[in-house]
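Enquirer: Quick check, what structure comes out for this input:
(one chain, ligands or ions: 2)
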Amino acid sequence: MAADLGCPSDEGSHRPARPRPGSVAAPEPARWGGARRGGAGRGGADTGRDVGGRARSVGGGRCGSPIARGRGVRAGGHVPAGRSPRAGRGGAGRGAAGGGACGPATASSADLPPPRLRAAGRLATQMSGEMDKPLISRRLVDSDGSLAEAPSEAPKVGVLGSGDFARSLVTRLLGSGFSVVVGSRNPKRTAGLFPSAAQVTFQAEAVDSPDVIFVAMFREHYSSLCGLSDQLAGKILVDVSNPTEQEHLRRRESNAEYLASLFPTCTVVKAFNVISAWTLQSGPRDGNRQVPICSDHPEAKRAVSEMVQAMGFMPMDMGSLVSAREVEAMPLRLLPGWKVPALLALGLFIFFYVYNFVRDVLQPYVRDGKSKFYKLPVSVVNTTLPCVAYVLLSLVYLPGVLAAALQLHRGTKYRRFPDWLDHWLQHRKQIGLLSFFCAALHALYSFCLPLGRVSRYEVVNLAIKQVLANKSHLWIEEEVWRMEIYLSLGVLALGTLSLLAVTSLPSIANSLNWREFSFVQSTLGFVALVLSTLHTLTYGWTRAFEDSHYKFYLPPTFTLTLLVPCVVILAKGLFLLPCFRHRLSKIRRGWEKDGAIKFTLPMDHALAQKTSHV
Ligand SMILES: NC(=O)C1=CN([C@@H]2O[C@H](COP(=O)(O)OP(=O)(O)OC[C@H]3O[C@@H](n4cnc5c(N)ncnc54)[C@H](OP(=O)(O)O)[C@@H]3O)[C@@H](O)[C@H]2O)C=CC1
Ligand SMILES: [Fe+3]
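Expert: Numbers count the residues shown, from 1 in each chain. Ligands and ions are numbered 1, 2, ... in the order given. Here you go, the predicted model:
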């Protein structure tokens with residue numbers, strides 16, 4: 001908490017001595033015209049006036065779209081003092097008591113000067129006007145491809161810190177049409193790391209003019225900014241930080257809330273923490289465009305959201321600053337939703353691998369003393385993978401069958417499924433993708449089998465046997481047909497599974513309507529299950545009925561794998577019978593057996609009318 005930190009409230013004494021303006025800043029581009037950054041007139045106050053003036057003229061009427069203008073007006077509107085929950089947090093009591101918060105003792109967010117917020121609104125408005133421009137604006141790119149010069153009318157944004165994240169952020173901000181001032185403890189050392197269009201200066205100077213300041217530093221260094229609390233008052237601080245997993249578990253308070261408690265006169269917005277420095281630099285991609293944002297101040301949130309959009313990302317409103325903890329947990333998650341399916345796949349793999357090992361390796365060794373341990377790396381794995389793929393695929397469709405059976409039994413769809421079934425239904429996509437992964441590996445292993453020494457020796461040995469037995473033509477018609485059908489069905493099943501996997505990608509799924517999506521996932525998925533079953537049956541052929549294939553009294557593996565898929569296929573077939581199908585479709589349209597809602601299908605209604613006078 002703030003109190004632990006004991007940030008000094010006599011802010012003046014801690015403020016670092018302001019450097020001689022212009023001593024280390026990036027070389028001033030000639031085209032900057034009115035926006036004076038360097039030379040004798042580059043002092044903080046001057047810069048502030050320039051930016052303020054610019055913002056005013058932009059807010060006055062040259063912003064982009066009418067929507068953006070409308071937003072800008074709202075954003076710039078008067079904000080009632082009591083609206084910000086921060087007002088309660090950093091109030092006079094805490095300040096007067098000289099608590100942990102940095103800055104003037106009596107200040108609170110209720111005192112946020114409206115001009116600051118108006119400027120933020122104007123900034124957002126101006127930014128949204130830039131949204132339809134390319135991410136890396138042409139005029140910013142030097143002939144050598146580097147970012148050179150920000151346009152003079154660009155809205156100004158501050159960035160504190162000069163690390164990896166700050167550098168990528170600055171590059172993207174410049175490329176999106178912003179003017180950026182970077183605040184560093186040692187600008188001389190770090191200036192060369194930034195594009196020449198960025199102004200790199202001391203922290204105290206950097207926070208003077210911008211209304212939105214990104215704090216691209218680690219949490220433990222936030223308190224070192226306490227000396228700037230006077231200058232930061234009323235500004236929007238964007239917290240981009242991420243805790244480590246241990247820090248997240250140990251601390252109850254999010255980094256953003258901690259920053260807000262240190263600077264009660266500022267408005268803190270949590271954003272960009274889920275975007276890596278690399279993504280910022282290389283530009284947003286489909287899968288990671290979303291930027292969750294939260295803040296207690298709607299106007300500040302809107303201003304940052306529009307910046308996010310201007311930078312090519314998609315803002316996602318996560319509510320007030322209490323959500324920051326949840327937002328900070330997002331990058332810590334390791335493949336959420338995959339844990340149970342992955343454990344299931346691993347469990348099945350171990351089970352079938354051990355089963356195949358006992359049958360194919362241990363049994364010949366124990367019974368005949370034959371060493372078949374060479375089968376462990378490829379052969380046993382390749383017998384195991386299709387079993388896992390096949391069972392997993394049937395487990396994608398089993399919960400749907402169970403849910404239908406439950407609805408038929410209950411005579412309603414308005415009762416919750418048990419939790420385990422709910423979770424199972426939610427994990428079907430991951431289970432399906434793992435099934436596809438195992439099937440693809442099975443195909444690859446099968447392709448590689450002829451490359452191994454084993455199959456080469458087997459072919460040669462068979463040929464020698466044929467020669468010794470004086471046989472010139474080995475051709476078993478039934479075997480040939482079995483293998484041809486088996487291979488063809490396998491390829492068809494894998495092809496259908498690939499289609500399912502591709503359509504589960506968000507970018508493809510979003511381009512399909514609901515009917516198309518459900519046709520692919522439900523109908524084609526079921527076709528894939530049937531094809532896999534036929535593939536397994538042609539592999540097994542008559543082996544299930546031959547004693548020699550029951551090793552240690554264990555049935556062949558394929559007979560085990562057929563159990564669940566056959567149940568699913570039979571149940572699906574059963575639900576297609578008119579009596580079940582009709583009842584199920586009534587239930588899914590809201591009909592209940594004994595409940596309050598009596599639902600009559602239009603057809604029944606017509607029938608009832610026809611027969612009512614009989
Ligand atoms: N890297 C990434 O991909 C991502 C990072 N983040 C977050 O961004 C923030 C910055 O990360 P990153 O850029 O990687 O970290 P770095 O360590 O590379 O940079 C941190 C910067 O903080 C500045 N700083 C200010 N005061 C201090 C101080 N007292 N001690 C040390 N440094 C100080 C330094 O700049 P100077 O010396 O110029 O003052 C330094 O360059 C972190 O909170 C991180 O969680 C979030 C998402 C992704
Ligand atoms: Fe196969």
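
Enquirer: for Asp422, helix, strand, or coil?
Expert: helix (DSSP: H, G, I helix; E, B strand; the rest coil).

Enquirer: Let me know the outermost residue of the chain.
Expert: For the chain, the residue at maximal distance from the C-alpha centroid (C-alpha atoms, centre = their mean) is Asn470, at 65.4 Å.

Enquirer: Can you name the residue of the stretch 301-450 of the chain nearest ligand 2?
Expert: Among the residues of the stretch 301-450 of the chain, Pro386 lies nearest to ligand 2; the distance is 4.4 Å by C-beta to the ion. (C-beta placed from N, C-alpha, C; glycine too.)

Enquirer: Show me what the helix or strand hosting that residue is packed against.
Expert: Per DSSP states H and E, Pro386 falls inside helix 379-410. Packing partners of helix 379-410 (3 or more C-beta pairs under 8 Å, 6 or more residues apart in numbering; DSSP states H and E): helix 339-357, helix 419-426, helix 428-448, helix 525-540, helix 557-575, helix 578-588.

Enquirer: Just give me how far the third one sits from the chain centre.
Expert: Per C-alpha atoms, centre = their mean, to the nearest Å, the displacement of helix 428-448 from the mean C-alpha position of its chain is 23 Å.

Enquirer: separation between the residue farthest from the centre of the chain and ligand 2?
Expert: 35 Å (C-beta to the ion, to the nearest Å).

Enquirer: same deal with Leu531?
Expert: According to C-beta to the ion, Leu531 stands 11 Å off from ligand 2.

Enquirer: same thing with Gly283?
Expert: To ligand 2, Gly283 is 42 Å away according to C-beta to the ion.

Enquirer: quick check: angle from the helix holding Pro386 to helix 428-448?
Expert: With axes from the mean of the first three to the mean of the last three C-alpha atoms, to 10 degrees applied, the angle from helix 379-410 to helix 428-448 works out at 150 degrees.

Enquirer: now helix 379-410: mean pLDDT?
Expert: Mean pLDDT, computed over helix 379-410, is 96.

Enquirer: Could you do stretch 159-179 as well?
Expert: 95.

Enquirer: So that stretch, near ligand 1 or not?
Expert: Yes. Using C-beta under 6 Å from any ligand atom, stretch 159-179 reaches ligand 1 at Gly161, Ser162, Gly163, Asp164, Phe165, Ala166.

Enquirer: So Arg410 sits against Lys593, correct?
Expert: Yes. Using C-beta atoms under 8 Å, Arg410 makes contact with Lys593 at a distance of 7.4 Å.

Enquirer: For the two, indicate the residue with more neighbours.
Expert: Using other C-beta atoms under 10 Å, the more surrounded residue of Arg410 and Lys593 is Arg410, with 16 against 12.

Enquirer: Identify the residues contacting the closest residue to ligand 1 within the chain.
Expert: Of all residues in the chain, the one sitting closest to ligand 1 is Gly163 (1.9 Å; C-beta to the nearest ligand atom). The contact partners of Gly163, taken as C-beta atoms under 8 Å, 6 or more residues apart in numbering, are Ala216, Met217.

Enquirer: Strands along the stretch 101-250 of the chain, start to end?
Expert: 156-160, 179-184, 199-202, 212-215, 236-239 (DSSP state E, counting those that start in this stretch).

Enquirer: what's the fourth one in contact with?
Expert: Here strand 212-215 makes contact (C-beta under 8 Å, 6+ apart) with 120, 123, 157-161, 166, 169, 183, 206-207, 222, 225, 232, 235-241, 259, 272, 303-304, 307.

Enquirer: Can you say which of those are buried?
Expert: Buried members of the contacts of strand 212-215, scored by 16 or more other C-beta atoms under 10 Å, are 120, 123, 157-161, 166, 169, 183, 206-207, 222, 225, 232, 235-241, 259, 272, 303-304, 307.

Enquirer: Please list which of these are also close to ligand 2.
Expert: Here nothing survives when these are matched to ligand 2 using C-beta under 5 Å from the ion.

Enquirer: related to what we said a few turns ago, in contact with the residue of the stretch 301-450 of the chain closest to ligand 2, which residues?
Expert: Cys438, Ala439, His442, Thr536, Thr561.

Enquirer: For the one residue in the stretch 401-550 of the chain that gets nearest to ligand 2, which non-adjacent residue is spatially closest?
Expert: Here the stretch 401-550 of the chain gets closest to ligand 2 at one residue, Gly490, 4.6 Å apart by C-beta to the ion. Residue nearest to Gly490 in three dimensions, not counting chain neighbours: His535, with 4.7 Å by C-beta to C-beta, 6 or more residues apart in numbering.

Enquirer: hmm, back to that, look at the residue farthest from the centre of the chain and give its secondary structure.
Expert: Per three-state DSSP, Asn470 ends up coil.

Enquirer: Distance of it relative to Ile464?
Expert: Asn470 sits at a distance of 12 Å from Ile464 (criterion: C-beta to C-beta, to the nearest Å).

Enquirer: With Lys235 instead?
Expert: Where Ile464 is concerned, Lys235 sits at a distance of 86 Å (C-beta to C-beta).

Enquirer: Kindly report the same for Ser323.
Expert: Separation of Ser323 from Ile464 (C-beta to C-beta): 74 Å.

Enquirer: Mind checking which of these two has more residues around it?
Expert: A direct count of neighbours by other C-beta under 10 Å for Ser323 and Ile464 places Ser323 higher, at 18 against 10.

Enquirer: rewinding a little: what's the closest of the residues of stretch 159-179 next to ligand 1 to ligand 2?
Expert: For the residues of stretch 159-179 next to ligand 1, the nearest to ligand 2 is Asp164 (46.9 Å; C-beta to the ion).
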